[in-house]
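Colleague: the sequence isn't on hand, but the structure is:
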């Protein structure tokens, strides 16, 4: 944990700009991400990136990873969906962590991308997250965009922030969802009971999830959903669906995790992305193939209702 005390001449600066100046190893975008993840505190309280620091404010910044951990390229098989000189789009497999963190010093998507792109990755995400514009949970598979340069990173981040990137997922949930279409609009924040979990809470940030039913499987008491999100809160889809009584099958954090197929980890796949190429402005629509384990379950379910 790093601690800073604001001097008189530093007051009225935005906290993200203040911390970026104090931490040369972290960019302003990286600082904003840490604030979003509730790893920055002002006088022991959560803050926003727009907060203007005041004299004698005590600011605490949680360090992300032991300094001895260093990145290295690793030959990890990754399906490349699209690649040019500015971005690379991949289909992240289930079970792969996106970037190094405590407990996962290597063997991540970042290590794999470094082997593919060599030195051609944006540095805005910080030393441990080169090129990473957005993320997926370890056990969520699917499509991800990685930036090869800072300009691409900044412009992709702006699209995401402005809700200009359309993200579509599919999920297999426990229970028979009654509505054909619905929107979940409930704030999400850290759980007061377990800081490693997220929860629907009045103190959280706005989170909006839209879903529609693709198929209902009455015999197996489950439903296949297509999901689109307007916001990108941590564990958003998993938390929202669990809260309304339809936890994602296999989710070991927000449900019991028990299921007849013995699947471990949530049956959640980031199926497609629609966005503008950050440099050429060309409209892009890219899809990631459904992982084999999930496709087999869906095929089995479909065969039983024919």
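Modeller: Here it is on my side, so go on. Everything numeric here is computed off the predicted structure, so don't read it as measured data.

Colleague: show me where pLDDT drops low in the stretch 1-150 of the chain?
Modeller: Across the stretch 1-150 of the chain, residues meeting the criterion (pLDDT under 70) sit at 25, 63-70, 102-104, 124-128.

Colleague: how about the strands in the stretch 201-306 of the chain?
Modeller: Shown for the stretch 201-306 of the chain, the strands assigned by DSSP state E, counting those that start in this stretch span residues 208-217, 222-229, 268-276, 283-287.

Colleague: tell me what angle the longest one forms with strand 222-229.
Modeller: So the one you mean is strand 208-217. Inter-element angle recorded for strand 208-217 and strand 222-229: 160 degrees (by axes from the mean of the first three to the mean of the last three CA atoms, to 10 degrees).

Colleague: sheet-wise, list the partners of strand 208-217 with their directions.
Modeller: Note on strand 208-217: by DSSP bridges, its sheet partners are strand 181-185 (antiparallel), strand 222-229 (antiparallel).

Colleague: now do the buried residues in it.
Modeller: The neighbour-count check on strand 208-217 (16 or more other CB atoms under 10 Å) flags 208, 209, 211, 213, 216, 217 as buried. Where you see a C-beta, it was placed from the backbone N, CA and C, and this is true even at glycine.

Colleague: tell me which residues are up against it.
Modeller: Strand 208-217 is contacted by residues 170, 176-177, 179-185, 223-231, 236-237, 240-241, 301-302, 304-305 when judged by CB atoms under 8 Å, 6 or more residues apart in numbering.

Colleague: which helices and strands does the helix or strand residue 142 falls within pack with?
Modeller: Residue 142 is part of strand 141-147, with elements assigned from DSSP states H and E. Other helices and strands packing on strand 141-147, by 3 or more CB pairs under 8 Å, 6 or more residues apart in numbering; DSSP states H and E, are strand 87-92, helix 109-117, helix 150-161, strand 268-276.

Colleague: got those as JSON lines, with mean neighbour count and distance to residue 196 columns?
Modeller: What follows is the helices and strands packed on strand 141-147, written out as JSON lines (neighbours: other CB atoms under 10 Å; distance: least, CB to CB, whole Å):
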{"stretch": "strand 87-92", "mean neighbour count": "22", "distance to residue 196": "21"}
{"stretch": "helix 109-117", "mean neighbour count": "20", "distance to residue 196": "21"}
{"stretch": "helix 150-161", "mean neighbour count": "18", "distance to residue 196": "24"}
{"stretch": "strand 268-276", "mean neighbour count": "21", "distance to residue 196": "18"}
